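Asker: Starting from these lines, generate the structure:
(chains A and B)
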Amino acid sequence: MSSTVQEIAEERQKARQTDAGGRTLATLATLLIGIAIVSLMIGSYRLTLHDWWSVLAPSAQSGTAEIVLLQVRFPRLLAAMLVGGGLALAGTAYQGLFNNPMVSPDILGASAGAGFGAALGILCGFHVVAIQGMSFAMGLLAVWLAWSIGSGLCRRGDPVLMLVLVGILVASVFTALISFAKYLADPYDRLPAITYWLMGSFAAINSKDIKLSAVPILAGCVPLFLLRWRLNVLCLGEEEARTLGLNTRWIRLIVIISATLITAASVSICGMVGWIGLVVPHLARMVVGPNYKVLVPTAALMGACFLLLVDDVARTVAALEIPVGILTALIGAPFFLFLLMRERRGRA
Amino acid sequence: MNLTLENVTGGYASRTVLHDVNFSLRPGEVVCLLGANGCGKTTLFKMILRLLRPKNGCVRLGGESIADWSQQRLARSFGYVPQMHTPPFAFLVRDIVLMARAAHLRPFASPGTLDMQIAEEALDSLGILRLASEHYTEISGGERQLVLIARALAQKAQWLILDEPAASLDLGNQIKVLSAIRELSKTGLGVLMTTHDPGHAFQCASRVALMSCGRILALDAPAKALTGSSLQEAYGVRLHVVESPDHPGMKMVLPNLS
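Answerer: From the prediction side, this is the model:
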């Protein structure tokens, strides 16, 4: 019952080949840097490398170029990368947690809650920082509601299934509340603001938004990154994961808190940007396989690249900027269909 | 370390499945758990694995109650082999087996070279190292069952708890799995497995626990525990235990359809 030495050597060789995750990550990181450089250059105000030099060099005297680069494009670039990478990471983690590749980070109501918070803030005419704060708080509140109601009911069945069902309920209640806020809003002033905000856009990002939102987004990413190998075990389902030594209740709580911090913070600065958390994990899984050890960083880098590209399209393709949330849906849906078709032919 | 159940009573919120179950198993023996559908075999497993908590009584390992053990300590004591399944993602066989190392690694750690070696040894000991780089979702049912046993071995637990390891396997693979289990018990591992085939119990069990309606009817050597009358009580149909005339000592169960 033992293999020959040659067989084992072949095995090792194969293992090294499948272990190409490192190379994929390096390629993606290079790609991200490339896209970032191009993103900083293109736009309605063209910035050449020479302009960069004049901004970044000591004793710089640049005027417009400096304002465009440091106050407009750079915060926007960071926001797109943070939100794209964060949402992709949250979606990847959720798909493992719920053992379902069709789950996205808003499944427990984080987006709907955050959307309602923002709509309410706009309705009441609050300052933009207060709107963001309310949005973030409501996102957390929605998921907290789903978690506590779901935990209360889980004695009656599978805790994960209960959580999803309650999450869908909470999300639909908050979606209804968004509609109510819109109904009450002044149709000439506040209603367009709410609608535009819900479409999702990076147009109004400034460096203060970045400072405020980077903290919760990164605070959510770090635990997911550290726990990434254990997420594999979680994919086998609640009971099996426990028999393999996982404290599933704690890990579930950590994953949900982390993903919620990311999603609520994202929605609070740039509105609802859908599809990333669903599509990017699939793409990443197609490239590196389902092992979360490699999948998590791959998905994060891909998400950052993807949203950066989409945002570049959003602000350059037409004279008027297109809300990025519309584009992610327009690009994401057919792209997802393409992935599904390829998966059907190849491997799930 | 002996695995002991003391007056274990319990089940689900609305229904008590197990009634006052008592037994003690020794490491190195293979114990087959037999009984009709719904008699409480799975519930008994869940109590041992602490997926359910008893309403009354307790499960002890080496004399110590497992009620307050950490999930990791529990996983280092009991390796569980579920009935084969299809996970939602196409993991490699190697990755599936490596997941067993979660019982030994610190929370933020991922498996290293040593863990990889343990996983490969586990696969090799069952003769399926060649499957290591295959996708778990693409191998045959028998191979998946062997992979799950390999995973439980890589868990390096003292007890193996197997849920119908031979169900849904062809005859050849059934024998392979049963003899692999028998070999493992010789290394000092305790084995508790359910089966629907009394023949399996005759072939590989050192003792048989026969269950009916949430109680242990008999816990003894296969020839003593499995008799026509005890089987009839457990399954509710008329059964005969016969000895093969050509192979003395080999027993089988035949139904009486008339």
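Asker: How many neighbouring residues does whichever residue of the stretch 201-348 of chain A sits closest to chain B have?
Answerer: Residue nearest to chain B within the stretch 201-348 of chain A: A:Gly245 (3.1 Å; CB to the nearest CB). (Glycine included, C-beta is placed from N, CA and C.) Counted with other CB atoms under 10 Å in any protein chain shown, the neighbours of A:Gly245 add up to 24.
Asker: same thing with the one 4 residues further on?
Answerer: Residues within reach of A:Arg249, counting by other CB under 10 Å, total 14.
Asker: Which element is encountered next along the chain beyond the host helix or strand of it?
Answerer: Assigned by DSSP states H and E, A:Arg249 falls within helix A:248-270. Downstream of helix A:248-270, the first helix or strand assigned by DSSP H and E is helix A:276-288.
Asker: now that next one: how far from the chain's centre is it?
Answerer: Helix A:276-288 has its C-alpha centroid displaced from the chain centroid by 12 Å (CA atoms, centre = their mean, to the nearest Å).
Asker: Now do that helix against helix A:248-270, angle only.
Answerer: Angle of helix A:276-288 versus helix A:248-270, following axes from the mean of the first three to the mean of the last three CA atoms, to 10 degrees, is 120 degrees.
Asker: Buried residues of the helix or strand just after helix A:276-288, list them for me.
Answerer: Next along the chain after helix A:276-288, taking DSSP H and E as the criterion, comes helix A:292-316. Neighbour counts over helix A:292-316 (16 or more other CB atoms under 10 Å in any protein chain shown) mark A:292-312, A:314-315 as buried.
Asker: among those, which are in reach of chain B?
Answerer: A:Lys293 (CB under 8 Å from any CB of the partner chain).
Asker: need the helices for the stretch 101-250 of chain A, in chain order.
Answerer: Using DSSP state H, counting those that start in this stretch, the helices of the stretch 101-250 of chain A run over A:110-123, A:128-153, A:159-184, A:190-199, A:207-226, A:228-234, A:238-243, A:248-270.
Asker: hey, which of those helices is tucked in deepest?
Answerer: For the helices of the stretch 101-250 of chain A, the largest average neighbour count (mean count of other CB atoms under 10 Å in any protein chain shown) is found in helix A:110-123, namely a mean of 28.
Asker: What is that helix packed up against?
Answerer: Applying 3 or more CB pairs under 8 Å, 6 or more residues apart in numbering or on different chains; DSSP states H and E, we find helix A:110-123 packed against helix A:128-153, helix A:159-184, helix A:190-199, helix A:248-270.
Asker: Between helix A:248-270 and that helix, find me the angle.
Answerer: Using the same axes, to 10 degrees, one finds that helix A:110-123 and helix A:248-270 are set 40 degrees apart in direction.
Asker: For helix A:110-123, the averaged confidence score.
Answerer: In this model, helix A:110-123 has a mean pLDDT of 94.
Asker: got the residues of the stretch 201-348 of chain A near chain B?
Answerer: Residues of the stretch 201-348 of chain A lying close to chain B by CB under 8 Å from any CB are A:226-230, A:232-233, A:235-237, A:239-240, A:242-248, A:285, A:289-291, A:293, A:347-348.
Asker: Contact partners for residue 115?
Answerer: As the question left the chain open, I've gone with chain A. Counting by CB atoms under 8 Å, 6 or more residues apart in numbering or on different chains, A:Gly115 touches A:135, A:174-175, A:178, A:198, A:267, A:271-272.
Asker: let's do chain B instead
Answerer: With contact set as CB under 8 Å, 6+ apart, B:Asp115 has these partners: B:98, B:101, B:104-105, B:154.
Asker: can you tell me which two in those residues are farthest apart?
Answerer: Greatest spatial distance among the contacts of B:Asp115 (CB to CB): B:Leu105 and B:Ala154, at 12.0 Å.
Asker: quick one, which of those two is more surrounded?
Answerer: Comparing B:Leu105 with B:Ala154 by other CB under 10 Å, the one with more neighbours is B:Ala154, at 27 against 17.
Asker: Can you name the residues that contact A:Leu47?
Answerer: Neighbour list for A:Leu47: A:40-41, A:65, A:68-69, A:73 [criterion: CB under 8 Å, 6+ apart].
Asker: so what's residue 197 closest to, chain neighbours aside?
Answerer: Went with chain A since none was named. Nearest non-adjacent residue to A:Trp197, counting by CB to CB, 6 or more residues apart in numbering or on different chains: A:Gly271, 5.0 Å away.
Asker: not what I meant, chain B
Answerer: B:Ala166 (6.9 Å).
Asker: cool, B:Thr227 as well?
Answerer: Closest to B:Thr227 by CB to CB, 6+ apart is B:Val241, at 6.0 Å.
Asker: Surely that neighbour is within a strand?
Answerer: Yes. When DSSP: H, G, I helix; E, B strand; the rest coil is applied, B:Val241 is found to be in a strand.
Asker: looking at it, it is touching B:Ala225, isn't it?
Answerer: No. Counting by CB atoms under 8 Å, B:Val241 stays clear of B:Ala225, with 10.6 Å between them.
Asker: And the pLDDT at the residue minimising distance to the centre of chain A?
Answerer: Centroid-nearest residue in chain A, with CA atoms, centre = their mean: A:Leu87, separated by 0.9 Å. pLDDT, A:Leu87: 96.
Asker: try A:Leu70
Answerer: According to the model, A:Leu70 scores 79 on pLDDT.
Asker: ditto for A:Gly346
Answerer: pLDDT recorded at A:Gly346 is 46.
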